[in-house]
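> Mind looking at a prediction? Sequence and model below.
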Amino acid sequence: LALIEEAGVEFTEGLNILTGETGAGKSIIIGSIGLALGGKASKDMIRNGEESASIELVFSVEEEERRQALKALSVVPDEEGLVIISKKITQARSVSRINDETVTTAKLRAVTGLLLDMHGQHEHQSLLHKQKHLEILDEYSRNETEKLNKSVVGGLDHKLAEFKVEK
């Protein structure tokens, strides 16, 4: 993929951070993970002189709650608890697979959303993206109106109690 002929990176559970010199390949690694997770692939990403590019992510799924969530999406880890996500990019198209079964991008994103959460160095700039505005406003509104909602509901409960006593 791009300039990398072959690379293997092992991430552990929890927070993993990539650092290194400019040009070391951090962005290519993160970009390839993003592609495997359902990002749009371009034939320009295929390394010069190659027919195709391949990306493979292997997840170890041990938590029962996560296994059940995957099962609800018709994805079952193998006998070792592994889920393998792969993407092959050719000149004509790209194909995504989960445990060697071809899947749609929608299903791929639903499954990988249960397995991995990625954040890049500029994601703190979400205010610059219009699609995030409603999400931020909803979260702000929920936090600001929760106290008001509780006081109104509490007040109604109190009034209902008074009404029952007077009746």
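Cool, the structure landed. Because the structure is a prediction, the values reported are computed rather than measured. Numbering: from 1, shown residues only.
> element containing the residue positioned nearest the centre of the chain?
Taking Cα atoms, centre = their mean, the centroid of the chain lies closest to residue 113, which sits 3.6 Å from it. Assigned by DSSP states H and E, residue 113 falls within helix 105-115.
> ok now that helix, how far from the chain's centre?
Distance of helix 105-115 from its chain centroid, counting by Cα atoms, centre = their mean, to the nearest Å, is 7 Å.
> Mind listing what's buried along stretch 62-71?
Residues 67, 69, 70 are the ones in stretch 62-71 that count as buried (16 or more other Cβ atoms under 10 Å). From N, CA and C alone the C-beta is placed, and that goes for glycine too.
> Actually, stretch 87-106.
Per 16+ other Cβ under 10 Å, stretch 87-106 contains these buried residues: 87, 89, 94, 96, 97, 98, 103.
> picking that back up, let me see the mean pLDDT of the helix holding residue 113.
Per-region confidence: helix 105-115 scores 91 on mean pLDDT.
> So residue 152 versus residue 137, what's the distance?
21 Å (Cβ to Cβ, to the nearest Å).
> got it, and residue 94?
For residue 94, the distance to residue 137 - Cβ to Cβ - is 35 Å.
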